[in-house]
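1. curious how this folds, go ahead:
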Amino acid sequence: MMTNLFSSFDPTSNVFNLSLNWTSTLLGLLIFPLSFWLIPNRSLVLWNFLLNKLHNEFKTLLPQKKTLGSSFIFISLFSFILFNNFLGLFPYIFTSSSHLTFTLTMALPLWMSFMIYGWINNTQHMFAHLVPQGTPPILMPFMVCIETISNLIRPLTLSVRLAANMIAGHLLLTLLGNTGPMLMNSVTMINILLLTQIMLLILELAVSVIQSYVFAVLTTLYSSEVN
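-> So this is what the prediction gives:
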């Protein structure tokens with residue numbers, strides 16, 4: 001019996017005080033069939049097609065000369081988040097991407113590295129970026145404060161956006177699932193509940209892809225601002 005609705009997200013499984021929930025972050029690699037790693041393969045060809053599309057899109061957001069090959073970092077980030085989002089949709093698997101421990105661990109080091117690189121190598125550009133072009137002189141002090149605050153909260157917004165979107169869908173699925181025992185006497189209501197759960201699951205699949213893409217694109221845009 002859950003003490004509250006959010007207790008379903010608590011990492012409680014452990015052996016010898018070692019948490020086993022977080023092993024789902026990498027343990028899912030074992031479920032890939034061996035045929036996935038063989039070339040040519042339909043699933044691998046489809047995945048490579050997706051990665052090429054992402055590479056071409058991220059490449060347009062990054063400076064061409066200074067950051068050759070940087071798009072592969074963000075493609076790997078997209079793949080890692082997407083993998084964990086999908087894995088969290090399976091029953092009895094710990095959803096690591098719904099925790100700030102997971103999301104903030106990715107967002108904070110990336111943002112910090114961009115800031116350190118920008119302020120050391122492009123100090124004048126970073127100062128100029130605090131005042132948008134065309135700002136009236138009387139509003140410049142306020143714009144500097146606003147831009148500084150918006151810059152400082154970027155890792156928090158990145159991590160909270162991903163975690164909140166993953167939690168919201170899972171909570172909705174949990175709420176609807178808990179109403180099942182109360183509707184056992186009505187076959188019609190059970191069918192409606194199952195149909196709703198299936199539609200929500202399809203929506204969660206779409207949200208998993210979209211949130212992975214948003215996280216990777218925003219990180220790419222943040223990195224392009226420091227060059």
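
2. helix or strand right after the helix or strand containing Asn84?
-> Assigned by DSSP states H and E, Asn84 belongs to helix 71-87. Counting by DSSP H and E, the next helix or strand C-terminal to helix 71-87 is helix 100-121.

3. could you pick out the longest helix of the protein?
-> For the chain, the helix with the greatest residue count under DSSP state H is helix 187-224.

4. tell me the angle the helix holding Asn84 makes with helix 100-121.
-> Angle, helix 71-87 to helix 100-121, by axes from the mean of the first three to the mean of the last three C-alpha atoms, to 10 degrees: 170 degrees.

5. so what's the gap between helix 71-87 and the chain middle?
-> Here the centre of helix 71-87 is set off from its chain's centre by 8 Å, with C-alpha atoms, centre = their mean, to the nearest Å.

6. okay, buried residues for it please.
-> 71, 73-75, 77-87 (16 or more other C-beta atoms under 10 Å). For every residue, glycine as well, the C-beta is placed using N, CA and C.

7. of those, which pair is most distant in space?
-> Using C-beta to C-beta, the buried residues of helix 71-87 span at most 24.5 Å, a distance reached by Ser71 and Leu87.

8. not counting stretch 120-132 itself, show me its contacts.
-> The contact list for stretch 120-132 (C-beta atoms under 8 Å, 6 or more residues apart in numbering) reads Gly118, Trp119, Met140, Met143, Val144, Glu147, Thr148, Glu225, Val226, Asn227.

9. wait, the fourth one sits on Thr135?
-> Translated: Met143. Yes. Under the criterion of C-beta atoms under 8 Å, Met143 makes contact with Thr135 at 5.1 Å.

10. what about the nearest residue to Glu225 once chain neighbours are set aside, how many neighbours?
-> Excluding the flanking residues, the one nearest Glu225 by C-beta to C-beta, 6 or more residues apart in numbering is His129, at 6.4 Å. Neighbourhood size, His129 [other C-beta atoms under 10 Å]: 15.

11. wait, what's in contact with Leu158?
-> Taking C-beta under 8 Å, 6+ apart, one finds Thr103, Ala107, Trp111, Phe215, Leu218, Thr219 in contact with Leu158.

12. buried subset of these?
-> Thr103, Ala107, Trp111, Phe215, Leu218, Thr219.

13. the fourth one against Ala163, yeah?
-> No. Look at Phe215 against Ala163 with C-beta under 8 Å: they stay out of range, at 10.6 Å.

14. ok, Phe142 to His125 distance?
-> Phe142 sits 21 Å away from His125, going by C-beta to C-beta, to the nearest Å.

15. and these two? which has more neighbours close in?
-> Each of Phe142 and His125 has its neighbours counted (other C-beta under 10 Å); His125 has more, 13 against 10.

16. so where does the more buried one fall, helix or strand?
-> His125 belongs to helix 123-129, assigned by DSSP H and E.

17. relative to the whole chain's centre, how far out is that helix?
-> For helix 123-129 - counting by C-alpha atoms, centre = their mean - the centre lies 29 Å from the chain centre.

18. any idea which helix or strand comes after that helix?
-> helix 140-152.

19. from memory Ile93 sits against Asn85, does it?
-> No. The criterion here is C-beta under 8 Å, and Ile93 misses it with Asn85 at 11.4 Å.

20. mind giving me the packing neighbours of the longest helix of the chain?
-> With contacts defined as 3 or more C-beta pairs under 8 Å, 6 or more residues apart in numbering; DSSP states H and E, the packing partners of helix 187-224 are helix 42-61, helix 71-87, helix 100-121, helix 154-178.
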